[in-house]
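Engineer: Here is my input; please provide its structure:
(chains A and B)
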Amino acid sequence: MIRLFDSVHGEVRTLELRDPGRVSMYVCGPTVDNLPHLGHGRFTLVWDVARRWFTFQGLVVHFVTNITDIDDKIITRGHQEDRTTGEVVTEYEGRWWDAMDALGVARPDVAPHATNYVDEMIALIGWFLDNEIAYLTNDGVYFDVSRVPDYGLLAGQPLDSLRAGARVEIIDQKRSPLDFALWKNAKPGEPKWSAPFGDGRPGWHTECVVMSLDLLGEGFDLHTGGLDLKFPHHENERAQAVAAGKEFSRHWAHNGWVMVGGEKMSKSLGNFTSLTELSETTDPRAYRLLVLRSHYRSPIEVTPSTIADAERALSRLDSFARRFDLAPLAGAQLEVATNYQWEGRALELRQRVADALDEDLNTPLAVALLFEALGSANADADAGASHEALQVAQSVNVLFGAMGLSLVGASDEIDVTSAHLVGERDAAREAKEWAEADRLRSELMALGWIVEDGAEGTLIRRP
RNA sequence: GGCGGCGUGGCCGAGUGGUUAGGCAGGGGCCUGCAAAGCCCCGUACUCCGGUUCGAAUCCGGACGCCGCCUCCA
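Structural biologist: From the prediction side, this is the model:
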């Protein structure tokens, strides 16, 4: 039984599935107008972990993440750089998937593009107009939020109170500042689609509601995204579904965001670090570990110090994998618990980790349990209880794999020169020529190796 | 103005009434030719003020501080 914080009810609730054993989830994806930043990295990691964990627990997960490939910002960028929107989209969608692959975020089952759904969006908007749920203005079609009785459900506030705080000035023909664009009329030089109500392009909120309902069906299980999408984006998606008489997502969940110097990292503040920059200096697995070590609903501060902390913890995990010769997991193929043997301490560990993750995805607790198990496996191995130790070590590896974190033991290519130095050093140590042995170690270290003396002689690896 | 979140040891970060969180850094020890890796031990924390209780980081009230949403944003 999976329990998850529900953003509408403000409490942890059991995930009541539409079809027992199957989870349909929709994660709002990126607008491909720029490089993905650490905030995108966090939400994709968080929901990748959720997906992997649900799968590990035996649920069949249908996972959809969209690509928003038509949007004001894409158009703006195209104009600025004298490129077509298609060229902008192609570049940044490519960058997006590269970044996801580098982070080890598994590809979604389906990744719909907004531009492939324009006909369906036009039909829905037309229906809203026919039923006077939407109205025309000079610059497009707007949705009349007053037509949805419980508008404000996700915001946690009634319509009136939202309206009172609205910061948008009433400068156009909108009936309420909260009414939102379903369709934006094209200005000269902008990409456009023909519609009975004017040539233009769809609004963002309409894209997601149409795609999620088309691919997952009415009453799908889980709709997620960053906390900043809760209102107005998710509110507005839901408003359209409700107005159209359709049952929408059964559960809503939102992750906290990435902070920089106490402020939210965002496009509008311009204080973001791209995932590309991160991967130039950091093992992307360290970022996953950093994300796993705090609860998904908490904000996280990403600084050189917290990154370095995660890197050192990660290197301890890798040493562990090296010691027990563990095979890296957590690739494109998602792990499933029943593919492994679980008995004794391994079974106990798995159950404790499951208790943590089934209860609102408490990854920091799960990670703590795994580090504890790591220590005990090392201690057992030191004491000579190698069979017991190996069993626990393997389960630690699988459970990290279930959260998408690969433990990587030694697999460095050793060149001829270095191999020769290793041989010489072993001979020197055999002969107890310590000065020579130390000199050869220095030489290896100068070549960038970390040198360790194991039971079978000199071991070298890359940092 | 309305709504919501947060304040834990040097740093990061779980924990909702009593029992070791965990990681990183630091100190001591074991092991090692010396190291590295690993193991053991140590710090004894919970913004402040009241209250409830045999007992509170955990519940209640209040204060202070920080952050966010109500506008595009993951």
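Engineer: so A:Val242 makes contact with A:Asn236?
Structural biologist: No: in this structure A:Val242 lies outside contact range of A:Asn236 using CB atoms under 8 Å: 10.6 Å. (Each C-beta comes from the backbone N, C-alpha and C, glycine too.)
Engineer: Where do the strands of the stretch 251-400 of chain A begin and end?
Structural biologist: A:251-255, A:258-260, A:263-264, A:300-301 (DSSP state E, counting those that start in this stretch).
Engineer: Serialize the ones you listed to JSON lines and add fields for mean neighbour count, mean pLDDT and distance to RNA strand B.
Structural biologist: Listed next are the strands of the stretch 251-400 of chain A as JSON lines, based on neighbours: other CB atoms under 10 Å; pLDDT from 0 to 100; distance: least, CB to the nearest atom of the strand, whole Å:
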{"stretch": "strand A:251-255", "mean neighbour count": "25", "mean pLDDT": "96", "distance to RNA strand B": "6"}
{"stretch": "strand A:258-260", "mean neighbour count": "20", "mean pLDDT": "88", "distance to RNA strand B": "4"}
{"stretch": "strand A:263-264", "mean neighbour count": "13", "mean pLDDT": "78", "distance to RNA strand B": "4"}
{"stretch": "strand A:300-301", "mean neighbour count": "18", "mean pLDDT": "91", "distance to RNA strand B": "5"}
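Engineer: Just the CA coordinates for stretch A:51-62, please, in PDB.
Structural biologist: Provided in PDB are the C-alpha atoms of stretch A:51-62 (Å, rounded to 0.1, in the frame of the first residue of the first chain):
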ATOM      1  CA  ARG A  51       8.000   5.600 -10.600                       C
ATOM      2  CA  ARG A  52      10.900   3.300  -9.900                       C
ATOM      3  CA  TRP A  53       9.700   2.500  -6.400                       C
ATOM      4  CA  PHE A  54       6.100   1.800  -7.500                       C
ATOM      5  CA  THR A  55       7.500  -0.500 -10.100                       C
ATOM      6  CA  PHE A  56       9.800  -2.200  -7.600                       C
ATOM      7  CA  GLN A  57       6.800  -2.800  -5.400                       C
ATOM      8  CA  GLY A  58       5.000  -4.700  -8.200                       C
ATOM      9  CA  LEU A  59       2.800  -2.000  -9.600                       C
ATOM     10  CA  VAL A  60       2.500  -1.500 -13.300                       C
ATOM     11  CA  VAL A  61       3.200   2.100 -13.900                       C
ATOM     12  CA  HIS A  62       2.100   4.100 -17.000                       C
END
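Engineer: any residues touching it, and which ones?
Structural biologist: A:2, A:17, A:21-25, A:63, A:106, A:109-110, A:216, A:330, A:334-338, A:354, A:357-358, A:361, A:402-404 (CB atoms under 8 Å, 6 or more residues apart in numbering).
Engineer: thinking again about what came up before, closest one to A:Gly200 among the strands of the stretch 251-400 of chain A?
Structural biologist: strand A:251-255 (29.4 Å; CB to CB).
Engineer: can you give me how far the closest one is from the chain middle?
Structural biologist: 13 Å (CA atoms, centre = their mean, to the nearest Å).
Engineer: Just give the number of residues close to the closest residue to RNA strand B within the stretch 201-350 of chain A.
Structural biologist: The nearest approach of the stretch 201-350 of chain A to RNA strand B comes at A:Gly226, 2.3 Å away (CB to the nearest atom of the strand). By other CB atoms under 10 Å, the residues close to A:Gly226 number 22.
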